[in-house]
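Trainee: Okay, sequence plus prediction incoming.
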Amino acid sequence: MQAGSQRQQLQQAVRRQPTDFIAWVMLADAELEAGDLAAGEHAARHALQLRPGHPEALARLGRVAWMAGAHADAARLLGEASARAPQHPGIALWLGHALEDADDAEGAAAAYRRAHALQPDEPYIAAQRLAWQRRLCDWQDLDVLSRQVREAVARGHGAVEPFAFLSEDASATEQLACARLRAAHVGAAVRPMAPAVPRRQGPLQVGFLSNGFGAHPTGLLTVALFEQLRVDPSLQVHLFALNRDDGSPIRRRLATASELHDVAGMRHADIAARIRAAGIDMLFDLRGWGGGGTPEVLAMRPAPLQVNWLAFPGTSGAPWMDVVLADEFVLPATMEADFSERVLRLPRAFQPSDTTRALAPPPSRSACGLPSDGVVFCCFNNSYKLNPRSMARAFRILHAVPGSVLWLLSGPGNADARLRAAAHAQGLDPARLVFMPKLPHAQYLARFALADLFLDTHPYNAHTTASDALWAGCPVLTCPGDTFAARVAGSLNHHLGLPGMNVADDDAFIRVASHLGNDPMALAAVRAELAAARASSGLFDMAGFATDFAILIRGLATEHGWQGPHAA
């Protein structure tokens, strides 16, 4: 049964039997799945009136608060619900989500562990526990959990989140299977709209859907491109912002460069209707399975052509996504069979960048907690990418380069302490790991001037972070793999004309990094090569990117009957 009809039946049921507690709880779930927080809250509060203090009703109210961004209220409500129903794995799972967002990282881990202990054979819960342990750099039972999740995907069991699955050492074929399972789960609960009619004439209406239109990696990557596309008379750019205005300069620039539609907090069906009403010919999903997006909206098919691009580094596995936009390096022909979408490639790196950014003067080394001398290796990737393999090779590099340090982005909870303990276990002074707190983008970007070499991670590369490093003049050493997520940093190096920074395996990674760390002249030569390439290559040419992008999407539209902006 599709979600819309089930919701209507539940609405009818509570009208017939207004004292039916279970029906009100089920209706709350159905309304929340449809993205209607107000209706979900009404149903949950009615259930709570019928049975005060009941954990199922409290849990739904907690879920409402969580979806509304009231993280402290969500944690409180779900904590009370879990205390009243300590054997309920679903409530423990929701509590974990709420505690994550309420910045109680270790509390979230405990909730996920409890949910998994209560339902050890449920792959979705195992995957949630696994993903959060990766964020906390808690490597206990990591291989066991990863094996459970990968085996579940292989058997077609469980709708594991594809974004978290990118961190597993899985093949592109496994990633496709995972995405298809999740897409099937979403599609089963959605009623598609009537087919949209492709535009024949007039400017092409191009839409972009994301929760990152602001001071967020997606906004930072795309804003200069949208500013360039604004001057193309054949296109009209529409941004559908799932996130509220954060007041940032990036948000203001995005609003100036496009027609920005604020759809934050709207029901899925209403967002889809808004996209259809705008006459969007081609809709780009700039979130995918990355979390915080609305795959349900895409599943409703509000646009005649829908494109997977930029934010989710893999296949959607979804029948409602027609095209994936990539480049020749990040998605070679050998990987096409593992993508459900038609593959189209830009003649340059698929990832744009904000090339209007000015680099501020860096702070002193001492202000950043760095030693006064010695090589500074850095890796400002999110903590979930700092897996045992990536850290083991970084530790070997520190052993090989006396006096060097590894500069990392501080992680949640006790992640930093766990990484220092792992370094100590490998015979390193834990003080050789230096942690940087999360900072405003300009301050963070300035700190790359103090770093000598960026050590990438595997199997999930640096993406926006690699672009940041290269723009700021810090070379990125990477080991391209066999999945999209493992090839992004390699694509940036490739299109910069720095193939020597793409190495074949871990041994080569350690050898090259150690050589550069011990040879100041060789390191200076690489940095000079990067500086020259940054100025001369097309990687940071957003006018050129906009031209290539427009040519590609006009060609795609023409295939589907569009005759151009001035067709009679």
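Mentor: Done, it's in. Numbering: from 1, shown residues only.
Trainee: ok, the nearest residue to Gln175 once chain neighbours are set aside - contacts?
Mentor: Closest residue in space to Gln175, ignoring its immediate chain neighbours: Gly314 at 5.1 Å, by CB to CB, 6 or more residues apart in numbering. Where C-beta positions appear, they are placed from N, C-alpha and C, glycine not excepted. Applying CB atoms under 8 Å, 6 or more residues apart in numbering, one finds that Gly314 lies in contact with Pro162, Leu166, Ala172, Gln175, Ala179, Gly288, Trp289, Thr483, Phe484, Ala485.
Trainee: separation between Gly314 and Leu204?
Mentor: Using CB to CB, to the nearest Å, Gly314 is found at 27 Å from Leu204.
Trainee: do Pro459 as well
Mentor: Taking CB to CB, one finds Pro459 at 36 Å from Leu204.
Trainee: How about Ile125?
Mentor: Distance of Ile125 to Leu204, computed by CB to CB: 44 Å.
Trainee: Same check on Ser537?
Mentor: Distance, Ser537 to Leu204, by CB to CB: 29 Å.
Trainee: Compare the two (neighbour count), which wins?
Mentor: Higher neighbour count among Ser537 and Leu204: Leu204, with 23 against 17, using other CB atoms under 10 Å.
Trainee: per-residue confidence at Ala3?
Mentor: pLDDT recorded at Ala3 is 55.
Trainee: right, I mislabeled it, should have said Leu32
Mentor: 89.
Trainee: what about it, helix or strand, and which?
Mentor: Using DSSP states H and E, Leu32 maps to helix 21-33.
Trainee: just Arg527 next, same as before
Mentor: Using DSSP H and E, Arg527 falls in helix 520-536.
Trainee: what comes into contact with that helix?
Mentor: Outside helix 520-536, the residues that touch it by CB under 8 Å, 6+ apart are 375, 452-453, 470-471, 473-475, 496-498, 500-501, 515-517, 539-540.
Trainee: Enumerate every residue touching the closest residue in space to Gly158 that isn't next to it in sequence.
Mentor: Closest residue to Gly158 apart from its sequence neighbours, by CB to CB, 6+ apart: Pro123 at 3.3 Å. Counting by CB under 8 Å, 6+ apart, Pro123 touches Gln148, Val149, Ala152, Val153, His157, Gly158, Val160.
Trainee: Quick one, which of the residues you listed are buried?
Mentor: For these, a neighbour count by 16 or more other CB atoms under 10 Å gives the buried set as Gln148, Val149, Ala152, Val153, Gly158, Val160.
Trainee: what's the last one sitting at in phi/psi?
Mentor: It refers to Val160. For Val160, the backbone dihedrals are phi -70, psi 140 (criterion: degrees, to the nearest 10).
Trainee: Make sure it is actually in contact with Gln128.
Mentor: No: counting by CB atoms under 8 Å, Val160 does not reach Gln128; the two are 9.1 Å apart.
Trainee: State the next helix or strand along the chain beyond the helix holding Leu32.
Mentor: Scanning forward in sequence from helix 21-33 by DSSP H and E, the next helix or strand is helix 37-50.
Trainee: Same question for that following helix: list its buried residues.
Mentor: So helix 37-50, judged by 16+ other CB under 10 Å, has buried residues Leu37, Ala39, Gly40, Glu41, His42, Ala43, Ala44, Arg45, His46, Ala47, Leu48, Leu50.
Trainee: contacting residues for Pro195?
Mentor: With contact set as CB under 8 Å, 6+ apart, Pro195 has these partners: Arg301, Pro304.
Trainee: Past the helix or strand harbouring Ala81, which element shows up next along the chain?
Mentor: Assigned by DSSP H and E, Ala81 falls within helix 71-84. Beyond helix 71-84 on the C-terminal side, the first helix or strand identified by DSSP H and E is helix 89-101.
Trainee: Which residues are in contact with Asp548?
Mentor: Taking CB under 8 Å, 6+ apart as the test, what Asp548 contacts is Leu346, Pro347, Arg348.
Trainee: Let me know whether the last one touches Met542 as I believe.
Mentor: So the one you mean is Arg348. No: assessed by CB under 8 Å, Arg348 is found out of contact with Met542, at 10.5 Å.
Trainee: When these two are compared, which one has more neighbours?
Mentor: For Arg348 versus Met542, neighbours defined as other CB under 10 Å are more numerous around Met542 (22 against 19).
Trainee: Point out where this structure drops to low pLDDT.
Mentor: Across the chain, residues meeting the criterion (pLDDT under 70) sit at 1-4, 567-568.
Trainee: what about the strands in it?
Mentor: Counting by DSSP state E, the segments of the chain that form strands are 204-210, 235-241, 259-262, 282-285, 305-308, 323-327, 342-346, 376-379, 405-409, 433-436, 453-455, 476-477.
Trainee: how distant is the helix holding Arg527 from the center of its chain?
Mentor: Relative to the mean C-alpha coordinate of its chain, helix 520-536 is positioned 30 Å out (CA atoms, centre = their mean, to the nearest Å).
Trainee: And stretch 341-359, by the same measure?
Mentor: Relative to its chain's centre, stretch 341-359 lies at 16 Å (CA atoms, centre = their mean).
Trainee: Quick one: end-to-end distance for that stretch.
Mentor: Separation of the first and last residues of stretch 341-359 by CA to CA, to the nearest Å is 38 Å.
Trainee: Show me which positions of it end up buried.
Mentor: Within stretch 341-359, the residues that count as buried by 16+ other CB under 10 Å are 341, 344-346, 348-355, 357.
Trainee: Can you list the neighbours in contact with stretch 344-356?
Mentor: In this structure, residues lying in contact with stretch 344-356 by CB under 8 Å, 6+ apart are 220-225, 227, 250, 309-310, 323-331, 463-464, 467, 471, 488, 491-492, 494-495, 538-542, 544-545, 548-549, 552, 556.
Trainee: my bad, should have said stretch 127-143
Mentor: Against stretch 127-143 from outside (CB under 8 Å, 6+ apart): 93, 96, 100, 105-106, 108-109, 112-113, 115-116, 145-146, 149, 158, 160-161, 164-165, 167, 382-384, 386-388, 411-416, 418-419, 422.
Trainee: Distance of the residue lying closest to Phe213 once chain neighbours are set aside relative to Ala255?
Mentor: Counting by CB to CB, 6+ apart, Phe213 lies nearest to Ala241, which is 4.2 Å off, once chain neighbours are set aside. From Ala241 across to Ala255, the span is 9 Å (CB to CB).
Trainee: next one: Phe165
Mentor: 34 Å.
Trainee: nearest spatial neighbour of Glu168, skipping sequence neighbours?
Mentor: Excluding the flanking residues, the one nearest Glu168 by CB to CB, 6+ apart is Ser146, at 5.3 Å.
Trainee: make that Glu106, sorry
Mentor: Gly413 (4.5 Å).
Trainee: what's the neighbour count on the one you found?
Mentor: If you count neighbours by other CB under 10 Å, Gly413 ends up with 21.
Trainee: and the gap between it and His46?
Mentor: For Gly413, the distance to His46 - CB to CB - is 37 Å.
Trainee: Likewise for Leu298?
Mentor: With distances taken as CB to CB, Leu298 is found 32 Å from His46.
Trainee: Which residues are in contact with the one residue sitting closest to the centre of the chain?
Mentor: The residue lying closest to the centre of the chain (CA atoms, centre = their mean) is Gly290, at 3.7 Å. With contact set as CB under 8 Å, 6+ apart, Gly290 has these partners: Phe163, Ala311, Phe312.
Trainee: Tell me which entries of these lie within helices.
Mentor: Phe163 (DSSP state H).
Trainee: Can you redo the contacts of Gly290 as TSV, where the extra columns are distance to Gln426 and neighbour count?
Mentor: Formatted as TSV, these follow (distance: CB to CB, whole Å; neighbours: other CB atoms under 10 Å):
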residue	distance to Gln426	neighbour count
Phe163	30	24
Ala311	35	26
Phe312	34	23
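Trainee: so which of the contacts of Gly290 would you say is closest to Leu433?
Mentor: Nearest to Leu433, judged by CB to CB, of the contacts of Gly290 is Phe163 at 26.7 Å.
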